[in-house]
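**Q** Build the 3D model from these lines:
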Amino acid sequence: MTAMIRDTDQIPPSSRSAILLSLAIVLIVVAGLLVFPGSIAAKTQIVLHGLCSQRPSHSFVLGGATLPLDARMTGLYIGAVCSLLWLIGSGRLRATRMPSRLVISVLVFFIALLGSDGVNALAFDLGLPHPYQPSNELRLVTGILGGNTVGVVIAWLIGSSLWANPEARQAVVESPLELFPSLVMAATLGMLVVSGLPILFTPFAVGLVVATVFVFSAIGMVALALARGRAWTCYSYGDFLPMMGGGTLLAITIIAELAGMRLMAESAFGLPQ
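**A** Next comes the predicted model:
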């Protein structure tokens, strides 16, 4: 843990480039949301409609407006983005060695908590026996934990599939303690969501759209690199630019198509919105 904190005192130039690429995604998404007419609440709800059922009872409300993702998915994307940004900032995006069994066990445990809370909530909705009463706060917490695992997996995939000169002797996460900083960041954001402060609605609504595009872009970048024979060819973050651009375009296309298909299905078949 100490070594990792030392490493982040001076963020490597290559990591700074990756952060700049991340900021570029933010600017693209925010600009798109500002250009189109309508309220932020309506636009963000439509954009993410294909990814989430957006049930008001399962979502957080800030100042009378409902966030565009339910509580569990809000936590999932907050956790994934915090995890990815922490690993980028700490120079771990080149690491390819598999984490220790202890780290893997902790990450699997996070996913198990996410899944078990989801099963418990489903049992409650169906009127079946369930161990405890579901709550949006629990959905948020288990989402953050599961999202942390998702972020680590994505970072490992990037390190393992894009770099021509990866750090084969370093794991993306060396010990469970190294999961702590990103969890603290995510927990802080989670507490702000739970606060329900009206002034926070727009930052979180837009932020969830940005987070979704960011996560989809990272996955899309890896998929495009493998599909187009560009895997293991990057020597610097500058080499990421073509694939990052393609991944972002792919992410925006998929998210838009899913939203469009869901809206058309609801209109054609009278499905509940």
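**Q** okay but Leu183 is in contact with Ile144, surely?
**A** Yes. Between Leu183 and Ile144 there is a contact under Cβ atoms under 8 Å: 7.2 Å. In this view, the C-beta of every residue, glycine as well, is placed from N, C-alpha and C.
**Q** Need the residues touching each of the two.
**A** Gly79 (Cβ atoms under 8 Å, 6 or more residues apart in numbering).
**Q** higher neighbour count, the two?
**A** Ile144 (28 against 19; other Cβ atoms under 10 Å).
**Q** ok, now which ones touch the more buried one?
**A** Gly75, Leu76, Ile78, Gly79, Leu183, Ala186, Ala187, Gly190.
**Q** Can you name the helix or strand that it falls in?
**A** helix 136-161 (DSSP states H and E).
**Q** Show me where this protein has its strands.
**A** 61-62, 65-66, 95-97, 167-171 (DSSP state E).
**Q** Contacts for the longest one next, please.
**A** If I follow you right, that is strand 167-171. Arg92, Arg94, Ala95, Thr96, Arg97, Met98, Pro99, Ser100, Val103, Gly159.
**Q** how near is the fourth one to Ser175?
**A** In this case it means Thr96. Thr96 sits 17 Å away from Ser175 when distances are taken as Cβ to Cβ, to the nearest Å.
**Q** Between the two, point out the one with more neighbours.
**A** Between Thr96 and Ser175, Thr96 has the larger neighbour count (other Cβ under 10 Å), namely 18 against 15.
**Q** Verify the stated contact: the more buried one with Pro166.
**A** Yes. Using Cβ under 8 Å, Thr96 makes contact with Pro166 at a distance of 4.4 Å.
**Q** what residues are shared contacts of the two?
**A** In contact with both Thr96 and Pro166: Gly159, Ser160, using Cβ under 8 Å, 6+ apart.
**Q** hang on, the earlier thing: pull out the buried positions in the helix holding Ile144.
**A** Within helix 136-161, the residues that count as buried by 16 or more other Cβ atoms under 10 Å are 136, 138-161.
**Q** which residues in the stretch 151-273 of the chain form helices?
**A** 180-195, 201-227, 241-269 (DSSP state H, counting those that start in this stretch).
**Q** Buried deepest among those helices, which one?
**A** helix 201-227 (a mean of 21; mean count of other Cβ atoms under 10 Å).
**Q** Could you name the helices and strands sitting against that one?
**A** helix 13-35, helix 40-47, helix 71-89, helix 136-161, helix 241-269 (3 or more Cβ pairs under 8 Å, 6 or more residues apart in numbering; DSSP states H and E).
**Q** distance between it and the chain's centre?
**A** Counting by Cα atoms, centre = their mean, to the nearest Å, helix 201-227 is centred 7 Å from the centre of its parent chain.
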